Every structure is written in C-alpha cells, then in structure tokens.
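Peer 1: what would the 3D arrangement of this be:
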Amino acid sequence: MLSSLLSRLHVGAGLLALVLLLGILCASCGVPQDAQETETPTRAESETERSTDEPGQPETEPESGTGLAPETGSVDDSSYPARLVYEFDEHADNRIPGCIAGTIRIEDIPDSVSTPYLLLYFADDRDLLAGYDELLSIPYSGSGSAVAQIKDGTYLPREATRLMVIPSKSAFQPSTPSLDLAVGSYRFPAGKHLVLPDAPLFTFGAVSDVHMNYESYDRGAYQKWANALQFYKQNKMDIVVIGGDLTGDDNLESDYRKYNEILDDSRYDPDDVFECIGNHGNTKNSIRLFIDAIATGDEIFPAEGVPYYHVEKGNNIFIFMAQELKSPGDSATYDNFSKEQIDWLESLLKQHYGKDKNIFILEHSPFLDFGPGDRYKGDYTACVTFNPHYTNTMRLKSLLSTYRDVILMSGHTHLTLYDQENYSSFNGAFARMIHLPSSCQPCGYGQGSAYTKSYDGRKPVTPTYGSETYLCYVYEDYILYVGYNLSTGTIIPGSCILLQTHLDYTDIPSLENEEPEEISFSGAGTQSDPFLIRNSQDFYNLTVLFNQSTDQNHMYGQGLYFLQTEDIDMTGFKDYDGTFADGNSKCFFSGFYVCREHP
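Peer 2: Residues are numbered from 1 along each chain as shown. Below you'll find the predicted structure:
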C-alpha cells in the first residue's frame, strides 16, 4: 500500500509532501569551490613530523583541568564587535576537560556583515591555527545573531586559546583566511584545556571502504590507498584497522591481489594492518578469498572458515565482526549475525571488559536511525536494523547497552567527516560509536541522492581528491580520534573526538533499561474511526513506527487506516529527518493514509 500512501499525501498537505521526499536536503553544507590538491598527503605547515606525541602540541602548555561545571563567556577583546556566549554541555564524555561540546551564541553581529555564512576557526593568541579547516560553518540570515551546536565529544586542540568568527561568502574556505576578517572572539577558560602526555601508549590509523574496485570508476582508489598507507607510516601508527569493503562484489581475486601489492610496496608492515569484511565480497563463496587475503597470523579466529576474529595488542583488544548476509543489500532487511558470532562476541566481552583494557569493535555497517553514520536514507545507505524480529542483531544491541566502555567503529555509508555525524554514545547510555570515513570516496550526499559524487559540497571526488581517515592516540585515561582530509593534509576539527577510556556510569542509566515510550493516536485505526494525524507530533510518531518496519514480512500499518486532519509543516521539528517513502528507504508501510480535503 506504499503507492497508496504516496498518491494521497498531496491532498491538503502540499508542504508536507515536499518535506516527505526532500526532508534531508538541508544536509548540504557547502558551495562548490576549488581546493588545494596534493596527490601525496602532507602534514600542515605548522606541524613538525610526529615522533610520539599527539598532533598540535602548544609551545606553552595551558593549565590542565580536572573537572568542569558549565561555563559561559563573552568576547575578551573589545576590538571585535560581536559578542560570543558559550554554554558547555556536561553529559557523559562532554564533562571532561578538552571537550567543548555545547551551544555557542553569537550576538551583536554588526550590520556591515552581509555574508550568508559565519565560519568558526580555532586560533592561538597570534593567528588562526594553520593546518586546520573550519570547526563549523553557520548559515547567517543577517539578523544580528546566530546559534550553533558543537557536537558531542568535540576536542579542543591544546594550542587553541580562542575561537574566532569569520564572515564568509561560502560555507567553507579553500585555505585558511586572514585573522583580520574576524568579527568576534571567544577565549576558552584555562580549565577547558587538557594536557595529554607527550607519548601515547598506543596509536592506530582507522579508515573504511577502501574499495579497490573504484579504480575503474575513476576514483583513484589505488593511489589513495597508497597515500593513506604513506600517511600512517609518516605518523608512526602502530597498526591500521579497516572497517570493511576492501573490494566490490566482482573480480575479488584481482582486487585483493592489488590491495596487498600496494600494501607491500608501501613499506608499512602488512602484519600490522587488520580488516573486517564488509557487505561487499561477503557471499558464502567469497569469504574464503577474504580470509586468505587478510590473514597475517596475529588474528585469533574462533573457528575454521569464519570471517570474524580478534587481535590483542597489549591492553587493546580489537574485535572484527562480520555481517553474515545473503546478498550485499541485506543489511537493513535481514538478521545480520549468527547466534555463534554473538555468542563469541559476548564471551570476549566477558573475558576482557572491566580489566583495564580498551575494547574496540569494528563492524562494517552502522545502525539504521541509531547513532552516527546514518544521516541519509536510501538504497545505498541501508544500515543494520534493530528489528525485534532479528534476534541476534537485538542481542548485539543489548551487549552494547551493557558494555558501554566499548568503542564501536563502523563505515559503509562513506559519510564525510565534514558532516560531523561521526560520534554518538546516547549521552553514555550506549557504547561509544565512531563512524569511519572512506579513503576512496567520502560522500556528502549534498542533495540527498543515493549515488551523488558530491564531496560535501566542497569538490567532486576525482582520482586525486576525496580521501579521509582517522589517526587515533591511546593514553592511560583518554583516547583521541583526529580526523584528516588526506587530499589536503588538513585536520577536520569538527570530527576530532576525545573520549575517556573508562566512564563513571553511576548516574547514567543504560539504554537497555529504558522503557520505550508507548506511541498512540486518537481513533481506533478502522475505516470508520481512523487514527488521527492532527499535528507534527502525531506525524513524527507515525514516522518512528514506519521506520521500524524494515522488511516486507513485518510491515507497519497492515489493515489500519490513518486520517491527516490538518496541513502539517515539519520544518524545525526536533529529531525529524524526513519520512522516506521513496521506494529505496527499505521502510515498509501497508496501511491506508488519506488527507482531509480543505475548502
């Protein structure tokens, strides 16, 4: 009955129909411009070659904080006309020094500022930090004020003492602008800085979706993989972990052969690169090819012929899960894991958790409507679904709700780090989830299209442009993820995440223990007494139920009738990302939906 839903939505709700199909168009955050290209990634000019320290060490270390209450502040230099007020968030990971998640308000912006964007940049006491892209791009209407959210976990570089506001004609600048353009400045409190030890205990590079098969799609997959390996070697990463999809579904033997040839030629030790299988190259007949291609001897497989395993590196445990699929498109419509695999995972967690060890899980696909990496829906981005009918997938959710110090890394959607949808822990109620970018084709899905080539509005992916990664630094009390644009060598500050190795969950209830809110509508759902959709909250609730129906055997609304009584505008409704009834969303509706006609 999905076609019935689509055909009737325009009646009495023209604006709503537009929201239904275009609800995610606002995700575009850039105007295409040229940016500097370098075939071989380099560190920013202001950084020296790393020995063992974390990037961005200041010449003079600010005082380290030990704990914070929310603080506010305003501009510290009267030469800047705009006033900045910063309210720091204190949930879970955000309550620590070094993390600047919160709300920033820019007020008293002068009338002379007529640009459509305000860019936020980190600065020291002398200039904007070289080698850093903008922290945030804020659309500006000329109203004299603006408000923006700094995402959970966002890291404050040690050398950054200020946050500067730069007016801009576009959503980003291809190179660092002049400090002379600033109209506002915020000085971070001394207690907000965190001084990390000079030498991390362990380091690793983290990336996903290398896709050797994309060489034939003019994406430069071979050279980008070689460049990434060179980058990891230059920055002395102890190991490299990959979140899946080394290849496509065809020509697997030649793709794996090329993957390993590039690895051998890179002079990065092949025995220090570990991969999980993705949704591609994941059929029963191709799993053996994957195992043969990636096995180094350090992997601990629980049984012969299974593609999941774990690796132990000192106090760091890396668990590489495997989606168990019938076809590449099964992620959202199938129970992705066997009982044997979840039993194995649970056994590992019980063995290592709570023993001063860092546990990292790599699992290729993120979760549908749950956590990072799934900003857009469509056939291309179909994700693992927490469906009550998928027993083992629901067991995975339960484990991640229980073992919340775990860090889960996923890939699959290729979502660019510039979209800043790369971290979530549900305020400590769930495992920490990190979305890994693609080394070959980061996607911004600027217009919501499943197959767009947009690189977050900055520049289309070419053989020499469009490649991202994380460098990760493990300390005794903290873990730092630093996001890089490998094509320019610049740090993407909005993607840099600071985590505690172990959280205090005393006052944070587990997501597993939360009772879901019951959703109800006025009416009985019959043809004579339909469920009434009267306002934006009702329509949002219907969307939640609609999105939970991800296979044709368990479609929501079967035999039920819904009546929309008023025009509904979902613009600005909290947590609403659109109702995706485009045929590609893998969400299913089998009820009858009509709109009351208006004179």
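
Peer 1: so Asp218 makes contact with Thr464?
Peer 2: No. Asp218 lies out of contact with Thr464 (CB atoms under 8 Å); the separation is 10.8 Å. The C-beta positions use only the backbone N, C-alpha and C, and glycine is treated the same way.

Peer 1: more crowded one of those two?
Peer 2: Each of Asp218 and Thr464 has its neighbours counted (other CB atoms under 10 Å); Thr464 has more, 15 against 11.

Peer 1: for Ala228, see how far away that one is.
Peer 2: Distance, Thr464 to Ala228, by CB to CB, to the nearest Å: 13 Å.

Peer 1: pretty sure Tyr593 is in a helix, no?
Peer 2: No. Counting by DSSP: H, G, I helix; E, B strand; the rest coil, Tyr593 falls outside a helix, being strand.

Peer 1: start at 28 instead
Peer 2: Done: numbering now begins at 28, and the last item shifts to Tyr620.

Peer 1: so how far is Asp565 from it?
Peer 2: For Tyr620, the distance to Asp565 - CB to CB - is 12 Å.

Peer 1: swap in Met264?
Peer 2: Met264 is 50 Å from Asp565, where distance means CB to CB.

Peer 1: Pro216 now?
Peer 2: On the measure of CB to CB, Pro216 and Asp565 end up 44 Å apart.

Peer 1: settle it for me: which of the two has more neighbours?
Peer 2: Ranked by neighbour count (other CB under 10 Å), Pro216 and Asp565 place Asp565 first, with 21 against 16.

Peer 1: who are the contact partners of the more buried one?
Peer 2: When contacts are counted by CB atoms under 8 Å, 6 or more residues apart in numbering, Asp565 touches 548, 559.

Peer 1: what about the helices in the stretch 378-527 of the chain?
Peer 2: 418-429 (DSSP state H, counting those that start in this stretch).

Peer 1: do the stretch 128-277 of the chain as well
Peer 2: Taking DSSP H, counting those that start in this stretch, the helices of the stretch 128-277 of the chain run over residues 248-261.

Peer 1: pLDDT below threshold where in it?
Peer 2: Nowhere does the stretch 128-277 of the chain drop to pLDDT under 70.

Peer 1: quick check: Val571 touching Tyr583?
Peer 2: No. Taking CB under 8 Å as the definition, Val571 is not a contact partner of Tyr583, at 9.8 Å.

Peer 1: name the SS class of His307, please.
Peer 2: coil.

Peer 1: correct me, but it touches Asn278?
Peer 2: No. Taking CB under 8 Å as the definition, His307 is not a contact partner of Asn278, at 11.5 Å.

Peer 1: and Tyr286, what does it touch?
Peer 2: Applying CB under 8 Å, 6+ apart to Tyr286 gives the contacts 237, 239, 252, 273-274, 320.

Peer 1: quick one: Gly438 from Cys470, how far?
Peer 2: Distance from Gly438 to Cys470, by CB to CB: 12 Å.

Peer 1: what touches both of His307 and Asn278?
Peer 2: Counting by CB under 8 Å, 6+ apart, the residues touching both His307 and Asn278 are Asn240.

Peer 1: so these two - more neighbours on which side?
Peer 2: Using other CB under 10 Å, the more surrounded residue of His307 and Asn278 is His307, with 23 against 15.

Peer 1: which residues touch the more buried one?
Peer 2: Taking CB under 8 Å, 6+ apart as the test, what His307 contacts is 240, 272, 274-276, 355.

Peer 1: off-centre distance for stretch 262-276?
Peer 2: Distance of stretch 262-276 from its chain centroid, counting by CA atoms, centre = their mean, to the nearest Å, is 17 Å.

Peer 1: start and end of that stretch, how far apart?
Peer 2: Using CA to CA, to the nearest Å, one end of stretch 262-276 lies 32 Å from the other.

Peer 1: got the buried residues for it?
Peer 2: In terms of neighbour count (16 or more other CB atoms under 10 Å), stretch 262-276 has its buried residues at 262, 264-275.
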